[in-house]
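Undergrad: okay, structure incoming, though there's no sequence with it:
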């Protein structure tokens, strides 16, 4: 099981609990265009909310809104940091000070993983690098610069405000009992790494390349598989990530942790979800990839590659399917 370094210091500045406001270019709670995020089973279908992202692209194009995707997104129109502590729910994470706290408390472990992800990706010299604006946990519903979302959407990344949003009940209520993912802490860490992977895709311009939206080798699927690959890449190097003073954040990452991540990836494969919900599969409707694809691309990242190894957009169809 993953163990955090008790001596490591945690940075809670990007982690908060509660909803936020804003809209496309509105810069305020009531301004700008609001985009409803779809609810229901479709939002659960793959950690990453590609349906949300596709709608964002379409509405933004129709409205002429510049989300900054692929051109150094700044999220300037929306800043969760502008919210007061009482509104943002900052107190939920105020007690998270050290790696020892992360070993004892899942909330603090979440902070430690965000710190690890930020440190890792900062060291990869990604073009136009900047950390996520915030990791916001919520219960029930949340307001984002991409619109309002309910718990049914599942965890997602919003490119309009560069934030990750996570209903902490998702794992116990949906992912584990309904989809069969392991009931283990590293499942959530894989999810966070996947969502952070979407942030990297956004910064590098890959999100702006999404055109085809359905099928096992569609652009939408390639986007999700890239996030899985980035998650694996982080996992390979997680025990080398450090806090601001140079203390290692994670002491151990076991084979069991990696297996839990792979099982979670399989649980959110399009074919697995379709069998669970429809009794049959239809690859032409996939937009996240099959269980085998998602596991394959996590392994590609974990095998010790680099950022370029996760370029699913320039991979051949055979490579995307995991056949070469």
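TA: Noted; the coordinates are in hand. None of the values given here were measured: they were computed from a predicted structure.
Undergrad: residue nearest the centroid of the protein?
TA: Geometric centre of the chain, nearest residue: residue 195, 0.8 Å, by CA atoms, centre = their mean.
Undergrad: can you check the pLDDT for that residue?
TA: At residue 195, the pLDDT value in this model is 97.
Undergrad: distance of it relative to residue 255?
TA: For residue 195, the distance to residue 255 (CB to CB, to the nearest Å) stands at 24 Å. Every residue, glycine included, has its C-beta placed from N, CA and C.
Undergrad: and residue 284, by the same measure?
TA: As judged by CB to CB, residue 284 and residue 255 stand 36 Å apart.
Undergrad: for residue 236, same thing?
TA: 13 Å.
Undergrad: neighbour count winner among the two?
TA: residue 236 (17 against 7; other CB atoms under 10 Å).
Undergrad: nearest spatial neighbour of the more buried one, skipping sequence neighbours?
TA: By the measure of CB to CB, 6 or more residues apart in numbering, the closest residue to residue 236 outside its immediate chain neighbours is residue 302, 4.9 Å from it.
Undergrad: name the residues that touch stretch 191-202?
TA: 47-48, 53, 69-70, 73, 110, 113-114, 117, 121, 126, 132, 135, 155-157, 159, 162, 164, 166, 171, 175, 207, 223, 226-231, 234-235, 264, 307 (CB atoms under 8 Å, 6 or more residues apart in numbering).
Undergrad: so what's residue 111 up against?
TA: Under the criterion of CB under 8 Å, 6+ apart, the contact list for residue 111 reads 10, 11, 12, 15, 93, 96, 102.
Undergrad: find the nearest non-adjacent residue to residue 270, please.
TA: residue 286 (3.9 Å).
Undergrad: where does the helix or strand that contains residue 120 sit relative to the chain's centre, distance-wise?
TA: In the assignment (DSSP states H and E), residue 120 maps to helix 106-122. Offset of helix 106-122 from its chain centre (CA atoms, centre = their mean, to the nearest Å): 12 Å.
Undergrad: what do you get for stretch 317-324?
TA: 23 Å.
Undergrad: what do you get for stretch 130-140?
TA: 10 Å.
Undergrad: same thing with stretch 118-134?
TA: The chain centre lies 14 Å from the centre of stretch 118-134; the measure is CA atoms, centre = their mean.
Undergrad: which residues touch residue 182?
TA: Here residue 182 is in contact with 176, 260, 263, 264 (CB under 8 Å, 6+ apart).
Undergrad: hang on, the earlier thing: most neighbours, which of the contacts of residue 111?
TA: Neighbour max across these (other CB under 10 Å) = residue 102, 28 neighbours.
Undergrad: quick check, that residue in a strand?
TA: No - applying DSSP: H, G, I helix; E, B strand; the rest coil, one finds residue 102 to be helix, outside a strand.
Undergrad: and it, how far from residue 261?
TA: 18 Å.
Undergrad: now swap in residue 141 and tell me
TA: Relative to residue 261, and taking CB to CB, residue 141 is found at 28 Å.
Undergrad: and the residue nearest to residue 317 when sequence neighbours are not counted, how many neighbours?
TA: The shortest distance from residue 317 to any non-neighbouring residue, by CB to CB, 6+ apart, is to residue 217 (4.5 Å). Neighbour count of residue 217, defined by other CB under 10 Å: 20.
Undergrad: renumber starting at 50 from here on
TA: Fine by me, first position is 50 from now on; the one you just mentioned is residue 266.
Undergrad: tell me who's in contact with residue 266.
TA: 366, 369, 370.
Undergrad: the second one: how many residues sit nearby?
TA: This points to residue 369. Neighbours around residue 369, by other CB under 10 Å: 22.
Undergrad: surely it meets residue 274?
TA: Yes - between residue 369 and residue 274 there is a contact at 6.6 Å, judged by CB atoms under 8 Å.
Undergrad: between the two, what contacts are shared?
TA: Both residue 369 and residue 274 are in contact with 342, 361, where contact means CB under 8 Å, 6+ apart.
Undergrad: which stretches of the stretch 100-249 of the chain have low pLDDT?
TA: 100-139 (pLDDT under 70).
Undergrad: now do the strands in it.
TA: In the stretch 100-249 of the chain, the strands defined using DSSP state E, counting those that start in this stretch lie at 183-187, 190-193, 196-199, 205-207, 212-216.
Undergrad: deepest of these, which one?
TA: Among the strands of the stretch 100-249 of the chain, the stretch with the highest mean neighbour count (mean count of other CB atoms under 10 Å) is strand 205-207, at a mean of 29.
Undergrad: name the residues of the helix holding residue 169 that are buried.
TA: For helix 155-171, burial by neighbour count (16 or more other CB atoms under 10 Å) applies to 156-170.
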